[in-house]
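In: Let's see this in three dimensions:
(chains A, B, C and D, ligands or ions: 5)
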Amino acid sequence: MPLTKHTVYPGRGLGMWAFWLHRLTGLAIAVYLLMHILVISTVVGGAGNFNEAMKFLKAPIFILLEMGLLAIILIHGFNGARIVLFDLGYGVKKQKPIFIALMALAIIPFVIAFAVALPHIFV
Amino acid sequence: MMKHKVLVVGGGLAGLRAAVECAMLGVDTAVLSLLYPVRSHSGAAQGGVNAALANMPECKDDTPAKHAYDTVKGADFLADQDCSEILTTDAPTRIYELEHWGVPFSRTPDGKIAQRPFGGAGYPRTCYAADKTGLYILHTLNEQAVKHRVKVYNEWAALSLASDGAQNHGLVALNLQTGAIDAFAADAIIIATGGAGRIYKRTSNAMQSTGYTLGMAYRAGIPFKDMEFVQFHPTTIIGTNILMTEGARGEGGYIINKDNERFMQRYAAKAMELAPRDIVSRSIQTEINEGRGLPDGGGCVYLDLRHLGREKILERLPGIRDICISFLGLDPIEKPIPIQPGQHFIMGGIDTDKDGATILPGVFAAGECACVSVHGANRLGGNSLLECVVMGQRSGAAAAKFVQGKSSALKESVVADALKKTSSDVDALLKSSGKERLVTLRDAMQDAMTDKIGIFRDEKPMAEALALLRELRKRYRNIGVDAKNRKYNLDLLHTIELGGMLDAAEATAAGALARKESRGAHSRLDFKTRDDANWMKHTLAHFTPDGARLDYESVTVTKWQPEERKY
Amino acid sequence: MSQVTPKPQGVWAWIWQRITAVLLFVFLGTHLFVLHYVPENLSINFLGVAARFKSVLYVIVDSGLLATALYHALNGIRNVLFDFIADEGKRGALNLVLWLVGIVYLIWGAYALTFFVK
Amino acid sequence: MSQTVTLRIYRRDPDLDAAPKYQNYQIELTPGLTVLMALYHVLENVDKTLAFRASCRSAVCGSCGMHINGKNMLACETQLAPLGNEVLIEPLPHLPVLKDLAVDMTRFWDKYEKVRPYLIALKAPPPSGKERLQSVEDRKKIDEFIDCILCACCHTSCSTAWWDKEYLGPAALAKMYRFVADSRDEGGAERLQIAAREDGVFRCHTIFNCTEECPKKIPITFGIQEIKKRVLWGKLAGRM
Ligand SMILES: Cc1cc2nc3c(=O)[nH]c(=O)nc-3n(C[C@H](O)[C@H](O)[C@H](O)COP(=O)(O)OP(=O)(O)OC[C@H]3O[C@@H](n4cnc5c(N)ncnc54)[C@H](O)[C@@H]3O)c2cc1C
Ligand code: HEM
Ligand code: SF4
Ligand code: F3S
Ligand code: FES
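Out: Ligands and ions are numbered 1, 2, ... in the order given. Just a heads-up that it's a prediction; the model follows:
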């Protein structure tokens, strides 16, 4: 028998967006992690190859991407803290304000990192 | 063809309680229900269920006997007193049992089941669970049915009984989900299909409380008892007629007409809005009839809570406020609530004995559709849920006993014949080019019942209504349906239901016209007083193709002689 | 009433997902701090990395990160996929694949991390 | 001055239609008109083949859960006027459609039955035959969760329940919590075993749609989290 089709529930529950953010960022970091380990581990192959690869990655565009990655990690990490909090039994009935507060909090380390990275983007 | 020892029709309080009883006794039992059991109208009951538990300090010396007396007096002495005594004697056992099964009753400070006062009762003896007693009991009984693995045929409508005249062998039913018609062979059938409020235009009952199965039993030769006794609730909201509990007036609400007048002072100067239900209903109806209704002489008056103030409304009547906001789009803190009296309960129904047995062997009935009679001419609040669990249990036990003691085999051929006949009837209905339509006939019936067999009754309008209903029954033979597909065909279902509703309505009108007195909920303008000499008797209505044939049966009196009803 | 069939319980995986999450907060926090808040580290080159990999403390942090992140990431992927795979057999196969990937990565990563430690 | 609203209704008889059709019906807005009453108007006066479920029309029976303008709600308690000029009415998401707005609830009831939805009392009732005592405070603990009317609005808004057909889902778990939190229930360990299985509480990703959509405002996710916690401590203490 046929079902109605939805991929995302059309309601606008903040909790659901938090879930989707968490899931997509998690998967993104997971993919990145597997690549990252491979790339960095080429260091065992000696300076030549490694520096060759890294020079390529030093372009400002990659630093910007790096900043994007940081944002993703911060979202996932701070929301992860929210999930763990709920699993310990705290704050379940206040999920929305807690989400907003944590996301606001996550902006702080991001801004600092961005400020540090800024000079390298425009070299 | 499906086969069961006991087949319960209806999954409300009465049906589920009966099914659980049979299952606990080890009898093969199934429930056949038009609605998923938890959707039954029992879930709408708010106030509570009566039993003399003597749990509150104010009711330490309450007893089942006092409860029985209150019931008989409330019934205006038309109840069979032995039955009322059974009802109230079984009550504590049944309520404790519900508690053991998990009903989340509200509690007293010492942890017992809490009780509240209700109209017509000498003590606070209505056990309650917040303002959702019916919902919680219904769900708990459904849980017990799951526990005892009772098979449920969900969304099946019973259409006709399969009787050979001497005994019943099963029934024929329509599977709404597929549109198929099939037969069930069963040694015993328990009909527990609830009220018939939908024969009226304005009713607090659910859409599914049509009373179709009353007509089904009636056509199989089982008489109705006391159909003319219909309870009207004074305060149901306009439009949907959802109930506004008596608590709204209990907290101090006013009722006003279009001139802003608290008109109850003209009808019951002392009790005002808190006069008994029937009196308040009659007063409101008089105002409307005499052109002082709203808007501009229309069909309602106002229940005004504004003077109670925001705090009190939020604290004591939050449920009422929610209903007004959701269903009327108005906030009673700021605006008065348009209300009108509405049909609420039928005291009469399928005639049964004190074990739920009807005169047709193999057919039992319990709950609001049955008339034992414990409510007589007027039911007390909180006694109806009680009747469902007490009579549900008793009819379940009686059906189990009947099945176990039965020697003669089921005649499946009778069931097969019934299936053939009913199937061809339904096929014919689907194919029919009949000119008449559901909505026209139904609206005419509902209007006639509401206007002429309503709160006030009088010879002439009642005779007109009866004639009209007989006419409608004739026209019904020429009815057709527009939706031709089988699956989930609501047009077909509602059209079939109308047939049974017309039977119930006609019998109600006939009984009312014949009863020349005023008793309980039956209030005649031309015979204003109770007449025990001539009318202390039950009306029995028997089916004939031309309309009800009436005869009468005496009322059982054990301890209490009739006296004037004063509160 | 439907019979309750005992199935393998995913509770421990769930618990470890939380434990690794908390650990990651620490490890990843340190890792990112070292990389993003110390400006010299922003440009990655062989000498820098090799130098860091000589510091025992750093290697300990990154080893911890490696193990927890691998577990957390692969178990996370498993969680997502389990929403769509109901079949017991396929779930088993997926578990196996993820464990293999995890172990291979762990060995390879550990080898690289400790390469410069003398 | 009369105002009209367009009802855009999902129509499908799976026996006849390969794909759903959306049909428009114009309806005149009257004061207090609910979505359900508008549907009855269409059924009785415009299109008699329309199928939907309803009974109590007062938000207690749980029949009329539907997907209205993108959210699950009870048609009977929803006023039409604030929903705008065009109102989209579809069946509850991700349950097989029987016909039009009526869905096949089998899967939903299966989950309900799986959680042993009845009071498990191992000890006999008090010898007096009277009620088990329960303090007012203990009774309060189940206040919210006993209000469930099994309308399936929660279950059909939960993405996990959409994807993982085995997942018990929010309604069944809310029912489980209703017993877990009831001081009279003695099925604790048995219930937690059920909750701990692969199809149990640990498949909940705290999406919160269930809690958001429950017309009875039951904090379902809270209940699920409470069960998780109990299973967790049971596991850690080696009790399970
Ligand atoms: C708003 C309201 C409030 C009330 N409050 C109280 C109160 O506080 N206290 C009190 O004591 N009483 C109260 N009552 C009265 C009481 O609720 C009812 O009398 C009682 O619940 C009826 O229960 P039942 O089991 O007989 O029928 P119902 O609960 O109506 O169940 C009928 C069953 O029959 C099934 N059915 C119907 N037709 C068919 C068919 N053709 N084939 C198969 N199945 C069919 C339905 O699906 C349903 O499952 C109230 C009534 C109303 C309307
Ligand atoms: C900063 C530390 C981190 C914290 C606090 C954290 C927290 C969490 C938590 C609690 C979950 C469980 C969600 C659930 O079951 O619903 C989760 C899931 C997940 N995490 Fe993390 N995480 C962190 C870092 C990472 C990293 C570094 C990766 C990738 C390498 C990652 C990838 C994932 C994935 C793929 C999921 C599964 C998503 C899902 O189930 O929807 N996480 N995380
Ligand atoms: S928990 Fe709420 S949404 Fe879910 S079935 Fe119960 S009442 Fe409906
Ligand atoms: S929406 Fe579903 S995933 Fe959990 S919080 Fe509710 S059950
Ligand atoms: S019709 Fe009963 S909940 Fe809407």
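In: The nearest residue to residue D:172 once chain neighbours are set aside: neighbouring residues, count only.
Out: Distance criterion Cβ to Cβ, 6 or more residues apart in numbering or on different chains; nearest residue to residue D:172, sequence neighbours excluded, is residue D:111 at 4.0 Å. C-beta coordinates here come from the backbone N, C-alpha and C atoms, glycine included. When counting by other Cβ atoms under 10 Å in any protein chain shown, one arrives at 25 neighbours for residue D:111.
In: Let's see the helix or strand hosting residue D:111 as PDB, backbone CA atoms only.
Out: According to DSSP states H and E, residue D:111 maps onto helix D:106-114. The C-alpha coordinates for helix D:106-114 follow below in PDB (Å, rounded to 0.1, in the frame of the first residue of the first chain):
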ATOM      1  CA  THR D 106      -1.800  -1.900  11.900                       C
ATOM      2  CA  ARG D 107       1.800  -1.100  12.500                       C
ATOM      3  CA  PHE D 108       1.000   1.500  15.100                       C
ATOM      4  CA  TRP D 109      -1.100  -0.900  17.100                       C
ATOM      5  CA  ASP D 110       1.500  -3.600  16.800                       C
ATOM      6  CA  LYS D 111       4.000  -1.400  18.600                       C
ATOM      7  CA  TYR D 112       1.500  -0.500  21.200                       C
ATOM      8  CA  GLU D 113       1.000  -4.200  22.000                       C
ATOM      9  CA  LYS D 114       4.700  -4.900  22.100                       C
END
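In: Just after that helix, pick out the following helix or strand.
Out: Next along the chain after helix D:106-114, taking DSSP H and E as the criterion, comes helix D:136-140.
In: what about residue B:308, neighbour count?
Out: 20.
In: So it lies in a helix, does it not?
Out: Yes. Under DSSP: H, G, I helix; E, B strand; the rest coil, residue B:308 falls within a helix.
In: does the spatially closest residue to it that is not a sequence neighbour count as helix, strand or coil?
Out: Once flanking residues are discounted, residue B:308 sits nearest to residue B:252: 5.7 Å by Cβ to Cβ, 6+ apart. Secondary structure, three-state DSSP: residue B:252 is coil.
In: Was I right to think the residue nearest to residue D:172 contacts residue D:171?
Out: Yes. Counting by Cβ atoms under 8 Å, residue D:111 touches residue D:171, with 7.1 Å between them.
In: Tell me where chain A is predicted with low confidence.
Out: Scanning chain A for pLDDT under 70 picks out the ranges A:1-4, A:12, A:122-123.
In: Apply 90 and report the result again.
Out: Chain A contains residues with pLDDT under 90 at A:1-13, A:36-67, A:89, A:112-123.
In: where do the helices sit along chain A?
Out: Here chain A has its helices, by DSSP state H, at A:14-41, A:47-57, A:60-87, A:95-121.
In: Out of those, the one nearest residue D:225 is which?
Out: Closest approach to residue D:225 among these (Cβ to Cβ): helix A:60-87, 5.7 Å.
In: That closest one vs ligand 4: in contact?
Out: No. Judged by Cβ under 6 Å from any ligand atom, helix A:60-87 stays clear of ligand 4, getting no closer than 9.4 Å.
In: Okay, angle between that helix and helix A:95-121 too, please.
Out: Helix A:60-87 runs at 160 degrees relative to helix A:95-121, counting by axes from the mean of the first three to the mean of the last three Cα atoms, to 10 degrees.
In: Any part of helix A:60-87 near ligand 2?
Out: Yes. Residues of helix A:60-87 contacting ligand 2 under Cβ under 6 Å from any ligand atom: A:76-77, A:80-81, A:83-84.
In: Identify the spatial nearest neighbour of the most centrally placed residue in chain A, chain neighbours not counted.
Out: Nearest to the mean C-alpha position of chain A, counting by Cα atoms, centre = their mean, stands residue A:72 at 1.7 Å. Closest residue in space to residue A:72, ignoring its immediate chain neighbours: residue A:25 at 4.6 Å, by Cβ to Cβ, 6+ apart.
In: What segments of chain D are helices?
Out: Taking DSSP H as the criterion, chain D carries its helices at D:35-41, D:106-114, D:136-140, D:159-163, D:169-180, D:188-196, D:209-213, D:220-236.
In: Just put those helices in a markdown table and tack on distance to residue B:403.
Out: Converted to a markdown table, the helices of chain D look like this (distance: least, Cβ to Cβ, whole Å):
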| stretch | distance to residue B:403 |
| --- | --- |
| helix D:35-41 | 41 |
| helix D:106-114 | 26 |
| helix D:136-140 | 39 |
| helix D:159-163 | 41 |
| helix D:169-180 | 33 |
| helix D:188-196 | 34 |
| helix D:209-213 | 44 |
| helix D:220-236 | 42 |
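In: Show which residues not belonging to stretch B:175-182 make contact with it.
Out: B:1-2, B:34, B:153-157, B:159, B:172-174, B:419, B:422-423, B:426, B:485-489, B:493, D:98, D:104 (Cβ atoms under 8 Å, 6 or more residues apart in numbering or on different chains).
In: Just the buried ones from those?
Out: The neighbour count (16 or more other Cβ atoms under 10 Å in any protein chain shown) marks B:2, B:34, B:153-157, B:159, B:172-174, B:419, B:422-423, B:426, B:485-489, B:493, D:98, D:104 as buried among those.
In: Same list, those, but only the ones touching chain C.
Out: When Cβ under 8 Å from any Cβ of the partner chain is applied, no member of the buried ones among the contacts of stretch B:175-182 is adjacent to chain C.
In: In contact with the residue nearest the centre of chain D, which residues are there?
Out: In chain D, the residue lying closest to the centroid (Cα atoms, centre = their mean) is residue D:152, at 2.3 Å. Residue D:152 sits next to D:62, D:65, D:92, D:95, D:105, D:108, D:171 when contact means Cβ under 8 Å, 6+ apart.
In: Roughly how far does the residue nearest to residue A:72 sit from residue A:78?
Out: From residue A:25 across to residue A:78, the span is 10 Å (Cβ to Cβ, to the nearest Å).
In: how close does residue B:196 get to residue B:391?
Out: Between residue B:196 and residue B:391 the computed distance is 17 Å (Cβ to Cβ).
In: any low-confidence regions in chain D?
Out: D:1-3, D:14-19, D:30-32, D:122-129, D:188, D:197-199, D:233-240.
In: I appreciate the help and will end here.
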